[in-house]
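Colleague: The sequence and its predicted three-dimensional model are supplied below.
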Amino acid sequence: MKKLLLSASVILLATGAFAQTTTGTTSRFGIKAGVNLAKIHSSGDNAAAFNDNAKNNVGYNVTAFGDFGVANNFFIQPGISLQNKGVKFEGTNSATIGSTTTTTTSSLKTNVMTIEVPINAVANIPTGNSGAVQISAGPYVGFNISGKNKGTTTTTTVNNNTNSSVTSTNSNDKDLSFGSATDKDVASTEFGANFGLAYRTSSGFLVGANYGLGLTDLTPKDRQANANKLTNRVLGFTVGYSF
């Protein structure tokens, strides 16, 4: 991963050096917001079953940032961001005993709110007077501040002789706790890397996509020895404005 980040930084530096428009002394501030498609990835024993059943948790993101020019079309972009992360699982089981069929549908949705502090390197590739393509990469640190597990189980029992049915639904919601102790649910901090592609018009409007790759374990430290490593994977789409 260190080699990947180093390679990305070299590419960005090279792109900025050969760009034609001088923006090295330009500083901008902006805000962007959009939709996240988030998953948690497992690595270790029995990880395949976890990853095969994990589905995207649809959330949102809001980011305030600054662009500080350091060379021709090359910026350092620090920011502060509110990121909705997590994962979702769904499954259905059905069994028939005699004339009765019972179908159970279960779902578990994990929502985690994180304050992220990213520091990205950004290269501008001008597209004439209309705007510029922006390529970015860099590290982030995340602070998990709140979260909840929302579990729902729906059971439908059908009498195949009479076609009558009975449905019951049970909910099991739990607020998540954060820290390193064995009684905590999720680690309180996270480190990772961002990779982004965006287009900025000459008037300041932005549209882009970002991939957040979690590098550190979300399992509380005191439980990591006996658990699979869990890391975030977040694909975000944003629109915004910088001035």
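Modeller: In hand now; what should we look at?

Colleague: CA atoms for contacts and neighbours, from now on please.
Modeller: OK.

Colleague: State which strand of this structure is the longest.
Modeller: Secondary structure of the chain read by DSSP state E shows that its longest strand is strand 131-159.

Colleague: other SSEs contacting it?
Modeller: helix 2-18, strand 100-126, strand 164-175, strand 189-201 (3 or more CA pairs under 8 Å, 6 or more residues apart in numbering; DSSP states H and E).

Colleague: from the chain's centre, how far out does that strand sit?
Modeller: Between the centre of strand 131-159 and the centre of its chain there are 6 Å (CA atoms, centre = their mean, to the nearest Å).

Colleague: if I read this right, residue 62 contacts residue 82, doesn't it?
Modeller: Yes - assessed by CA atoms under 8 Å, residue 62 is found in contact with residue 82 at 5.3 Å.

Colleague: ok, residue 52 - how many residues close by?
Modeller: 10 (other CA atoms under 10 Å).

Colleague: Could you pull up phi and psi at it?
Modeller: phi -70, psi -30 (degrees, to the nearest 10).

Colleague: again with the one 4 residues further on
Modeller: The phi/psi pair for residue 56 (degrees, to the nearest 10) reads phi -70, psi 130.

Colleague: residues contacting it?
Modeller: 37-39, 87-88 (CA atoms under 8 Å, 6 or more residues apart in numbering).

Colleague: Ends of stretch 93-107, what's the gap?
Modeller: 12 Å (CA to CA, to the nearest Å).

Colleague: sorry, back to before: nearest to residue 155, of the contacts of residue 56?
Modeller: Of all the contacts of residue 56, residue 88 has the smallest distance to residue 155: 19.2 Å, by CA to CA.

Colleague: okay, now residue 64: neighbour count?
Modeller: Counted with other CA under 10 Å, residue 64 comes out at 18.

Colleague: in the sheet, who's paired with it?
Modeller: Partner residues in beta bridges with residue 64, using DSSP bridges, are residue 31, residue 80.

Colleague: That one contacts residue 77, correct?
Modeller: No - between residue 64 and residue 77 there is no contact under CA under 8 Å: 10.2 Å.

Colleague: quick one: which of the contacts of residue 56 is nearest residue 208?
Modeller: Nearest to residue 208, judged by CA to CA, of the contacts of residue 56 is residue 37 at 14.1 Å.

Colleague: where does the closest one land in three-state SS?
Modeller: strand (DSSP: H, G, I helix; E, B strand; the rest coil).

Colleague: Run through the residues that contact it.
Modeller: Taking CA under 8 Å, 6+ apart, one finds 56-59, 85, 234-236 in contact with residue 37.
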